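In: Build me a model:
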Amino acid sequence: MTKTLIENGKVYDAESHTFQKRNVLIDGNRIVSIDNNRGNADVTFDATDVLVTPGLIDLHCHIFNHPEQPSRLPADRIGTGQGVTCLLDTGSTGGDTLDEFRELVVESQKTHTFALCNIGSPGKHGLQSGHAAKPELVSIEKTVRAIERNRDYTLGVKVLASSSHTGLMGIEAVKMARKAAEITGTPLMAHIGNAPPVIDDILDLLRPGDIVTHAYHGKAGGVLGFDNKVIPAFKAAVERGVHVDIAHGRSSFSFRTCETALEQGMPVHSISSDLHRGNIEVCVLSLARTMSKFRLLGLSLEDIVLATTYTPACAVGLDEHGFGKLEVGGTANVSLIRETEKAVEVEDADGERRTTQTWIEPVGCIVDGSYFRTEEPI
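Out: The predicted model follows:
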């Protein structure tokens, strides 16, 4: 097996929440040392001025690249191609199509890929939207059985709780998703957007360990209420342990909303992209670009790395699959990123433009011991 040494890098340690200058020695697909020793290696990477982090995780994207799902992306396009080691498809498949995810994604891509099962039935022929809007398409039975058949890559349940997706089913679709998650013992991820159902009713159904995604969108009826105060239902959800996910997307992240919520003590637990074909060339582009936007909002580099490694891993059980930390004996899933002083104009999903002072870009990543160099960071 090949021994790989990453030397002179600033290595992120999740326990101390700090970067420390260390060498990382990898033997095959396992980390064998993290220290100041050089050791013998077949391949050596000089990581001077490079941040060495646990493998980056995008907790919300759409990679079920099926002929009948033209809006989805090949996983490696936004995974190993952009320094990201692990992607979670958030509900591009449902009970009728989850089985196909294995062949079309898991077995065909180098990036580690996992899925949430949609309580609706996306992926069916001719069905592009509204997949949780019709009773005949929303099935607890199909969702539970599909998850049970595919436990190795299915980590939870997804519901798109907005009017364009649930239609007249409204809050009932959320209740059914809540029940499917309860039966399977997995977390529920709830997309929030345009009402109905109203956000308060959705949040009231979320339990500790569940995930609210698109948390800081700029639409009316979101987490900010009268006089731009965070609504009590959102505060209560955070206090009882609901995970707050960004999921930038084409219409679901507002600088102003996020900034206002942060000022009132609200968290960013995970930074994710919601990448799909509709935003791969505009607005979002990559996970690293999304990470850079949070430097604009005052998050430290350590907090940004935490929100793209350890906390998303713990949210859906990826820590049990070897993600979230760099540790001796652990699987060699590693990301190499660089932060430079660079002014780049970026925009949120509402079209507001701001200019960065620093810029995060991927250098490459190691997946199960194999190195993938980022050719063109975006």
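
In: Just want the most central residue of this protein.
Out: Centroid check for the chain by CA atoms, centre = their mean gives L59 as the closest residue, at 1.5 Å.

In: wait, isn't it in contact with P312?
Out: Yes - the pair L59 / P312 is scored as a contact, 4.1 Å apart, by CB atoms under 8 Å. (C-beta placed from N, C-alpha, C; glycine too.)

In: Return every residue with contacts to both of these two.
Out: L88, D245, S270, S272 (CB atoms under 8 Å, 6 or more residues apart in numbering).

In: Make a markdown table from those residues and add neighbour count and distance to T113 to it.
Out: Formatted as a markdown table, the shared contacts of L59 and P312 follow (neighbours: other CB atoms under 10 Å; distance: CB to CB, whole Å):
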| residue | neighbour count | distance to T113 |
| --- | --- | --- |
| L88 | 27 | 8 |
| D245 | 27 | 18 |
| S270 | 29 | 17 |
| S272 | 27 | 14 |
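
In: Let me have those in JSON lines, adding pLDDT as columns.
Out: Output for these, formatted as JSON lines (pLDDT from 0 to 100):
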{"residue": "L88", "pLDDT": "98"}
{"residue": "D245", "pLDDT": "98"}
{"residue": "S270", "pLDDT": "98"}
{"residue": "S272", "pLDDT": "98"}
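
In: tell me the contacts of I202?
Out: Applying CB under 8 Å, 6+ apart, the residues near I202 are A161, I171, V174, A190, I192, V212.

In: Tell me how far it lies from G120.
Out: 15 Å (CB to CB, to the nearest Å).

In: list the contacts for C365?
Out: If you count contacts by CB under 8 Å, 6+ apart, then C365 has 55-56, 80, 83-85, 333-336, 371-372, 374 around it.

In: phi, psi of it?
Out: Note on C365: its backbone torsions stand at phi -160, psi 160 [degrees, to the nearest 10].

In: I'd like to know the beta-bridge partner residues of it.
Out: S335, F372 (DSSP bridges).

In: pLDDT value on it, please?
Out: Looking at C365, its pLDDT reads 97.

In: Tell me how many other residues surround D204.
Out: Number of residues near D204 (other CB atoms under 10 Å) recorded here: 13.

In: Sort out which residues of whatever helix or strand it lives in are buried, please.
Out: Per DSSP states H and E: D204 is located in helix 199-205. For helix 199-205, the neighbour count (16 or more other CB atoms under 10 Å) marks I199, D200, D201, I202, L203, L205 as buried.
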